[in-house]
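**Q** kindly return the folded structure for what I paste below:
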Amino acid sequence: MFLQCFKWIPHFCHQLVWLVAIREKGFVKPLPDDIIIDILSRLPAECVLECRKVCRMWLALTSTPHFIEMHLKRATPEIFVHCLYYPNWVKDELDLFIFYEGAKKGKMIKKMRAGSIMYFLKGQRPVLIGSCNGLLLFVSRSQKRTYGICNPVTRQRVHLIAPKSSSGFICGFFFHSPTKEFRLLYVVWESIGFVYFICTLGDKSWRRLATVFPYEPYGEWSSILDG
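**A** Residues are numbered from 1 along each chain as shown. This next block holds a predicted model:
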């Protein structure tokens, strides 16, 4: 699918350029933005990355929350696997693979191009610990309390510093539908019990929850479903 996508991208670009050229002569109108968005939103993430390089207009169209939401709804579920191969980890290389369910034998696993993620978390030995609606959550193993969130489609990324204590960890990463915000839940053990902090992505500030829970949360090294 990925290679087939590349075969027609140049042709598609040529057709759009041709439409723009003849529009200047007054013959036809260019394709509306919503049609271009509809077409691009049906492509795999890797193809969208290549399309973003075509022109500034495509880059802008694929960076909007509307496009990201549309692409997410239409995307085929994929499994991300982070291989912690020690020699590469020491060299600050990220072995991140995508598993395509239902693909032909020999094409089910593909290594993800993670250069932008490594630049974003360079020298921090990132480990993939979670995901939510296409966003990937990494924790730094060399700098305590440092987390990174990356959108592999738009290449948008953000750093987060955990609150208060290095003994805690992020135990939840979720999308809050009423406000359409991504939020993270961080837990710290104190003498009074387990204290939780919540952070809204883009805000970067942590808010302590008033309720203290006596129950220990599940560990941070868990599998993620529908992330």
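**Q** run through who's touching stretch 51-68.
**A** With contacts defined as Cβ atoms under 8 Å, 6 or more residues apart in numbering, stretch 51-68 is touched by 9, 13, 33, 36-37, 40-41, 43, 48, 71, 134, 151, 153-154, 156, 180. Every residue, glycine included, has its C-beta placed from N, CA and C.
**Q** which residues in the protein form helices?
**A** Counting by DSSP state H, residue ranges of the helices within the chain are 2-23, 33-40, 45-51, 56-61, 65-74, 86-90, 115-120.
**Q** touching, E216 and F194? I think so.
**A** Yes: if you go by Cβ atoms under 8 Å, E216 and F194 touch, sitting 6.6 Å apart.
**Q** and the residue nearest to H176 when sequence neighbours are not counted, what is it in contact with?
**A** In space, and not counting its chain neighbours, H176 is closest to R183: 5.2 Å by Cβ to Cβ, 6 or more residues apart in numbering. Applying Cβ under 8 Å, 6+ apart, we find R183 in contact with 172-176, 198-201.
**Q** recalculate using a threshold of 6 Å.
**A** Counting by Cβ atoms under 6 Å, 6 or more residues apart in numbering, R183 makes contact with 174, 176, 198, 200.
**Q** can you say which of those residues are buried?
**A** In the contacts of R183, burial by neighbour count holds for I198, counting by 16 or more other Cβ atoms under 10 Å.
**Q** how about the longest strand along the chain: buried residues?
**A** Looking across the chain with DSSP state E, the single longest strand is strand 181-190. Using 16+ other Cβ under 10 Å as the test for burial, strand 181-190 gives 182-184, 186-188.
**Q** strand partners of it, parallel vs antiparallel please.
**A** strand 169-176 (antiparallel), strand 193-200 (antiparallel) (DSSP bridges).
**Q** tell me the mean pLDDT over it?
**A** When pLDDT is averaged over strand 181-190, the result is 85.
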